[in-house]
Every structure is written in C-alpha cells, then in structure tokens.
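> here you go, sequence then predicted model.
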Amino acid sequence: MTVIKENWVFVETDLNKINPVTYELITKMKQISHDPVVAILIEKSDANLETELSEYGPDKILLVKDDELVDGDDLELTDALNKLIQKQGTPNTFIFPATVVGRSVAPRLQARLRTGLTADCLDLKFEDDLLVQTKPSYGDNIMCEITIPNHHPQMATARPNVFTAEKENNPALKIEEIDNLEWEKDTKLQIKSQVLPLKTSNDIAKAQRIVALGRGDKTEAGIGIANNLAKKLHATVGVTRPLTDLDQYTITEQIGQSGQTVAPDLLINLGISGAVQYTAGISNAKIVVSVNTDENAQIFKYSDYYFVGNALEFSKALEAIL
Amino acid sequence: MKIVVCIKQVPETTNVKINEKTKNIDRRGLGGVINSYDLHALETALEIKRNVGGEVITMTMGPDDFAVSLRETLALGADSSILLSDRAFAGADTLATGYVLGKAIKKIGDVDLVLLGQQSVDADTGQVGPIMAELLQIPQVTYANEVIAENNSLLIKRNLDNVAQEITAQLPLLLTVTDTINQPQYTNVVEITKSFAKPITTWHASELQLDDSRVGQAGSPTIVRSISSPEKAAKVGHKLTNDPREAAAELVAILKKQNILTEED
Ligand SMILES: Cc1cc2nc3c(=O)[nH]c(=O)nc-3n(C[C@H](O)[C@H](O)[C@H](O)COP(=O)(O)OP(=O)(O)OC[C@H]3O[C@@H](n4cnc5c(N)ncnc54)[C@H](O)[C@@H]3O)c2cc1C
Ligand SMILES: Nc1ncnc2c1ncn2[C@@H]1O[C@H](COP(=O)(O)O)[C@@H](O)[C@H]1O
C-alpha cells in the first residue's frame, strides 16, 4: 500500500450547503501539517460549492460531481470513498467532522480499510507523520491521547466549534475532478425525504448570545420571561436535557455532550445545575452568567458572574432594564 | 423477526478520576450498569417484537461478570442472551470489538436486525455499530429516533445536524438508536423470576472462527498513549449582589464595559 503525504478532510454538505465545521477542520489541518490538505467534495453536477470552499485555502480539492452520490447512504459513501482511495492512494490522515454524518460514515470506512479511528477529537497535532489525537471519554471527564502508529489512513472525527475557521487565499490551490468513480449502489435502503427542520442546530451552535434554561426555570412563566429576555438580547434560547421533554424543545436546542457544542460571547444559565454532560458543551463560551438558588451549584464554577437566587426574579429584573 | 441487541456494561457513573499511582482510571467501588442508550435499543427491539412478532437476543462482549447485565435484559423481556468472553478479547478497541461481535452475529445466523445504542457512555465513540455493519456487509441507519416495523422493512426517522430524514430500509439491517426513541420499561418481580429460566450462552474465541490477528490488542490499530483528568479551567466567578434588580443593573453595567453588550441593548 502506498501512502501519499496528504491530509484529507471530508466536506460535509447538507442539502447543497457546506457545513461550516468543514472550514474549521481545513484551517486546523493547515495549521498543524506540512503536507497538503485535500478537501474531498461530493456535490450535485450543477453545484459550484468549490468556489466557497476555496476561500479557506485547501491545497487541493478532489471534486466528485454526482447527483446520486450526494444523497448516498452510509454504505454508498463508504464504497465511493474507498474507491477514491484506491484511485488516488492512501492519504496519511483522513479527518471527518464529528457530526451525525461523520460519525456514521467514518467508522464504516475505517472497518473497510481496517485502520484506526478516533472519535470526537478536541485537539490534533503531528509528531512527524504521526497524528496525535486528543479524545474525551467518560462524558468528558477523562482525556485520552490516541495514536494510530501502524495503519493508514490515520482517521479521526473532530468536534464542531472547537477549532476556528480562517479564510486564506491559497494561490497554489488545485481542483481535480474525479470522473466515473464506480461506486456500488445500495438498493436495500431508501432515503424517502430530507427536509430542513424549521430550526437547525447551527442556530444555537453559531449563536453569539444564548439564554439557556434548566429544570430550575422550567415553569411556563419562567420560559415566557426567558423568551422575552432572549428577544431583547437578540439571543437564541438553549436548554438542558430535561427540558427536551417539553413539546417546544428538542435536541436541536439542547446544549451539552449529547446535544450541541456552543461558543457564544454571552451565555446566561437560568436554573441549571452544571452537570458535566451540560458543561461539556459550554467550554467555548466567552462570558458565562449563571443564576441558581443553590449557592453551591456546580455551574458557578464555570461562571464569570453569578447570582444566587430565583431565576424567574432575576430574568424579570434583567429583562425590564434592557 | 430475529433481532440481536448488543449491550455494553459501563460504570454506573462517568464521573471518574485517574488514580495517581496506577495512572489508570479508578473504578474502585463503581458498580456496572447497562449503557443507557442500549436500554433504548432493547426497548426498540421489544416494541418491534410486540408489533410484528419475533425473537430478541441480547449479546455482550466482556468479562464474565457482564452476565449480570444480560440477566437484566432477560428480566426486561429478551428471550435469550449470549456472552462473548475470552482472555483473547482483552484490550480490544472498537475495530476488534466490532469484529468479534460481527462474527458472533454470523454464528447466530439469519439475523434480520442488529440493534445498538448510538454510543457507549464510557468510550463515547459510536463506532462499534457501523464497524459491525461493514463487516456483515449490510446497510446501516444510525441515530434513529423513530422506528416503525413492517414485516420485511422498517420506516425510520432520524435527524442529521441540519436535516431531518425519513428512510425505508429492507432487512437485514443494523440500526443504532438515540435516547429519544422511546421510554425503557421497568422490570418486575415476576419477570425477574422468569428470567432465571431463560438461557445465557457463553461463547469463547475458539467457537467463533476468528482470525487471531484481528482480535484483542493485536487487532486494535489505535493505541492509548496517555490519559488524564482535564483540569476544568475553573473560573473565578464574581458574585452579583443579592437583590435581583440591583444585580441585573450591575451585570448590565459590567457587560457594557466589556463590550459584550452595546449601547443599543
Ligand atoms: C449519557 C448522558 C448524556 C447527557 N447529555 C446531556 C446533554 O447533552 N445536555 C444536558 O443538559 N444534559 C445531559 N445529560 C443530563 C445531565 O446529566 C443532567 O441531568 C442535566 O444536565 C441536568 O439539567 P438541569 O441542570 O436543567 O437540571 P437539574 O440538575 O435538576 O438542576 C436544576 C437546578 O436548578 C436550580 N433551581 C431550582 N429552582 C430554581 C429557581 N427557582 N431559580 C434558580 N435556580 C433554581 C437547582 O438548584 C438546580 O441546581 C446527559 C446525561 C447522560 C447520562
Ligand atoms: N463490548 C460490547 N459488547 C456488546 N455491545 C457493545 C460493546 N461495545 C459497544 N457495544 C455496542 O456498541 C454501541 C456503541 O458503542 P461505542 O462504539 O463503544 O460507543 C453501544 O451502545 C453498544 O450497543
């Protein structure tokens, strides 16, 4: 097996739009590697996503224009990516976003290639050609450094919102279109419909300001005032997991380990205890303000400013002066 | 429908620390429980059985004391269990784990549906499912949050980060589920008593026709170099005054000074 000195990054597209996590991964790989960073883009034949992608300075774009593969299932994508590797050679590393798509396709490809894969990385660095991957486990209570010394590609998925995307003009960029990638169709599985939900997880993941509600502010009145407060602040409302039991909230608004990672300038936590599964999602928030009746609440350890007392009263007072 | 549910036993809390001496995770005094997502996978299997009939087998790869968790799945309604236990399996990463579990599915034979949790709460990878599906050469649907079974197919709903999908899948299929898919049931004394009449079969490596180089540590491409407990950068929080109105005013003033809030706010 010939290993080519390239780092591949899988470009995730959702309904013909590039998921911005892709840019974060490209920027990070460019920062840590001396070898070329290659973006793997699968798009519709009439799409032109490579223009947008170019702005983030990959060294090469491997472009597959294929109307069917764009909507391929995990098995089809695995087969196509494997064929691409057979054509081009085995890259030294292959990085995917730790999104539902990345976390589903990457392990399947890993098994096909019989190599290693590290999930959900929070940091990546190189020691020569060896990719050192930092992965959280036990609900972010433990950090592991993992390497894949004897197999290629060294694969990893990396969490959204951990690295910062930066635009960069790369005059050396090459776009190479791959024709007739003869991937195998999977007729057993049919994706009947794909729709954009009314709200997308990007809303909260990209929000600059967030008002987050926990079980301590779950009353109708509490939710009402928090919504008014959010409106005045031009903030997005997020929740802890217990609130996803309510009709109006789903995983799309849930912050934390099994929800969304957020990175706002301002996060206001109302009636949230600060369980690790929640705080796992807020470590990139700039200014954290928390309100809790319990003066020993864990959440205060993650807060720049805190108020010991009733969330309802505090948010009412805050809303009134804005 | 013949359904196999893969379950993993995990520590009862993920709030673990590193033992300074051994540099390993301190599991002293930690009991084992069934990985919470796997309870949702089991409930999915039981619901399908209630609706279209069939057989539910639970399976785990791990040390002999994982049998406790298998017994619990029998009390919850599974028909039989398989324990994959062998010294040779020790030190397996996800690839080697998926390999052994996949081989066991082949040995069971004629399995229509393989069900797993979206991820285990200790390893947190979610990789074992897709790895098994690949080794079994069957399609997969991950992170399902709704499943409706018909005789030979499943209607599945799932959410990608920015897209909601509806999928119809023919069997055989491998499916991993989220914890919003259902509410796992509780067991009761009658079921617990009945569970002792149900079989737990143990299979060792020699019974699975394994390629030794793909099992345990030898079959694991990933190496854990070091582990640590992250020092959560504890913030030195500033306590706001006790009166809500004064506290709100104080906060707004501070945030404006820091340019987090602007004059328009
Ligand atoms: C595998 C796994 C994954 C998980 N993933 C997530 C995740 O992604 N996101 C998530 O959020 N959770 C997650 N959880 C759940 C998590 O462990 C906690 O149970 C959850 O975060 C608690 O939410 P909470 O803070 O709103 O509620 P609680 O822990 O019940 O806290 C409520 C707080 O409100 C305070 N309070 C009560 N009344 C008032 C009042 N009037 N005014 C002000 N304060 C008040 C209380 O003092 C308390 O601190 C996960 C759990 C598991 C096992
Ligand atoms: N040792 C194991 N035995 C049986 N099932 C397992 C084992 N490890 C993982 N699984 C299954 O694979 C899923 C994903 O686990 P993981 O890839 O470790 O996050 C779990 O929810 C279980 O259903």
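That came through fine. Ligands and ions are numbered 1, 2, ... in the order given.
> how about the stretch 101-250 of chain A: which residue is closest to chain B?
For the stretch 101-250 of chain A, the residue closest to chain B is A:G116, as judged by C-beta to the nearest C-beta, at 3.3 Å. Just so you know, the C-beta spots here come from the backbone N, C-alpha and C atoms, and that holds for glycine as well.
> for the biggest helix by length in chain B, name the packing helices and strands.
For chain B, the longest helix by residue count, based on DSSP state H, is helix B:36-52. Contacts defined by 3 or more C-beta pairs under 8 Å, 6 or more residues apart in numbering or on different chains; DSSP states H and E place helix B:36-52 against strand B:2-6, strand B:55-61, helix B:67-76, strand B:113-117, strand B:140-149, strand B:173-177.
> which bits of the stretch 1-150 of chain B sit near ligand 1?
B:S36, B:V121 (C-beta under 6 Å from any ligand atom).
> low pLDDT regions in the stretch 1-150 of chain B?
B:27, B:29 (pLDDT under 70).
> using PDB, write down the CA coordinates of the longest helix of chain B.
Once non-C-alpha atoms are left out, helix B:36-52 reads as follows in PDB (Å, rounded to 0.1, in the frame of the first residue of the first chain):
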ATOM      1  CA  SER B  36     -28.300   3.800  28.900                       C
ATOM      2  CA  TYR B  37     -28.600   4.000  25.100                       C
ATOM      3  CA  ASP B  38     -28.600   0.200  24.900                       C
ATOM      4  CA  LEU B  39     -31.700   0.100  27.100                       C
ATOM      5  CA  HIS B  40     -33.400   2.200  24.400                       C
ATOM      6  CA  ALA B  41     -32.100  -0.300  21.800                       C
ATOM      7  CA  LEU B  42     -33.600  -3.100  23.800                       C
ATOM      8  CA  GLU B  43     -36.900  -1.400  24.200                       C
ATOM      9  CA  THR B  44     -37.000  -0.800  20.400                       C
ATOM     10  CA  ALA B  45     -36.500  -4.500  19.900                       C
ATOM     11  CA  LEU B  46     -39.200  -5.400  22.300                       C
ATOM     12  CA  GLU B  47     -41.600  -2.900  20.700                       C
ATOM     13  CA  ILE B  48     -40.900  -4.400  17.300                       C
ATOM     14  CA  LYS B  49     -41.500  -7.900  18.700                       C
ATOM     15  CA  ARG B  50     -44.800  -6.800  20.200                       C
ATOM     16  CA  ASN B  51     -45.900  -5.400  16.900                       C
ATOM     17  CA  VAL B  52     -44.700  -7.900  14.300                       C
END
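> please enumerate residues in contact with it?
B:1, B:3, B:5-8, B:54-56, B:58, B:73, B:76-78, B:113, B:115-121, B:144, B:147, B:149-151, B:175-179, B:181-185 (C-beta atoms under 8 Å, 6 or more residues apart in numbering or on different chains).
> count the neighbours of the closest residue to A:G89 other than its chain neighbours for me.
For A:G89, ignoring the flanking residues on the chain, the nearest one in space by C-beta to C-beta, 6 or more residues apart in numbering or on different chains is A:I4 at 3.9 Å. By other C-beta atoms under 10 Å in any protein chain shown, 17 other residues sit near A:I4.
> what residues are up against A:H152?
Neighbouring residues of A:H152 by C-beta under 8 Å, 6+ apart: A:M1, A:V3, A:T90, A:P91, A:N92, A:T115.
> need the buried ones from those selected in ChimeraX.
Only the buried members of these enter the following ChimeraX selection, criterion being 16 or more other C-beta atoms under 10 Å in any protein chain shown:
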select /A:90,91,92,115
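> now the contacts of A:H152 in TSV, with secondary structure, pLDDT and distance to ligand 1?
Shown next, in TSV, are the contacts of A:H152 (DSSP: H, G, I helix; E, B strand; the rest coil; pLDDT from 0 to 100; distance: C-beta to the nearest ligand atom, whole Å):
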residue	secondary structure	pLDDT	distance to ligand 1
A:M1	coil	66	38
A:V3	strand	94	37
A:T90	strand	98	35
A:P91	strand	98	33
A:N92	strand	98	33
A:T115	coil	98	28
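> look up how far ligand 2 lies from A:P97.
17 Å (C-beta to the nearest ligand atom, to the nearest Å).
> my read is that that residue contacts A:I18, right?
No - using C-beta atoms under 8 Å, A:P97 is not in contact with A:I18; the gap is 10.7 Å.
> when you scan stretch B:22-36, is anything in it near ligand 2?
Yes - residues of stretch B:22-36 contacting ligand 2 under C-beta under 6 Å from any ligand atom: B:N35.
> so for that stretch, what gets flagged as buried?
Under the neighbour-count criterion of 16+ other C-beta under 10 Å, stretch B:22-36 has B:I25, B:G32, B:V33, B:I34, B:N35 buried.
> related to what we said a few turns ago, so which of the helices and strands packed on helix B:36-52 gets nearest A:Y56?
strand B:140-149 (27.5 Å; C-beta to C-beta).
> check the offset of the closest one from the chain's centre.
14 Å (C-alpha atoms, centre = their mean, to the nearest Å).
> give me the sheet partners of it and which way each runs.
In the sheet, strand B:140-149 lines up against strand B:153-159 (antiparallel), strand B:173-177 (parallel) (DSSP bridges).
> can I get those strands in CSV including mean neighbour count?
Putting the strands paired with strand B:140-149 into CSV (neighbours: other C-beta atoms under 10 Å in any protein chain shown) gives the following:
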stretch, mean neighbour count
strand B:153-159, 20
strand B:173-177, 28
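> mean pLDDT lowest for which of these?
Lowest mean pLDDT within the strands paired with strand B:140-149: strand B:153-159, at a mean of 94.
> could you figure out how far that strand is turned away from strand B:113-117?
Counting by axes from the mean of the first three to the mean of the last three C-alpha atoms, to 10 degrees, strand B:153-159 points 20 degrees away from the direction of strand B:113-117.
> after strand B:153-159, which helix or strand is next?
strand B:164-170 (DSSP states H and E).
> so which bits of that next one are buried?
Neighbour counts over strand B:164-170 (16+ other C-beta under 10 Å) mark B:A164, B:Q165, B:I167, B:A169 as buried.
> distance of A:E68 relative to A:L196?
A:E68 sits 21 Å away from A:L196, going by C-beta to C-beta, to the nearest Å.
> dump the residue contacts of residue 64.
Using chain A here. A:I40, A:L41, A:I42, A:E43, A:A80, A:L84, A:E177, A:I178, A:L181.
> wait, I meant chain B there
Contacts of B:D64 by C-beta under 8 Å, 6+ apart are B:L83, B:S85, B:T202.
> now with 7 Å?
Neighbouring residues of B:D64 by C-beta atoms under 7 Å, 6 or more residues apart in numbering or on different chains: B:S85.
> measure it to A:T261 for me?
38 Å.
> tell me, how many neighbours does the nearest residue to B:N242 once chain neighbours are set aside end up with?
Nearest non-adjacent residue to B:N242, counting by C-beta to C-beta, 6+ apart: A:G309, 6.7 Å away. A:G309: 18 surrounding residues under other C-beta under 10 Å.
> from memory A:G309 sits against B:P244, does it?
Yes - applying C-beta atoms under 7 Å, one finds A:G309 in contact with B:P244, separated by 6.2 Å.
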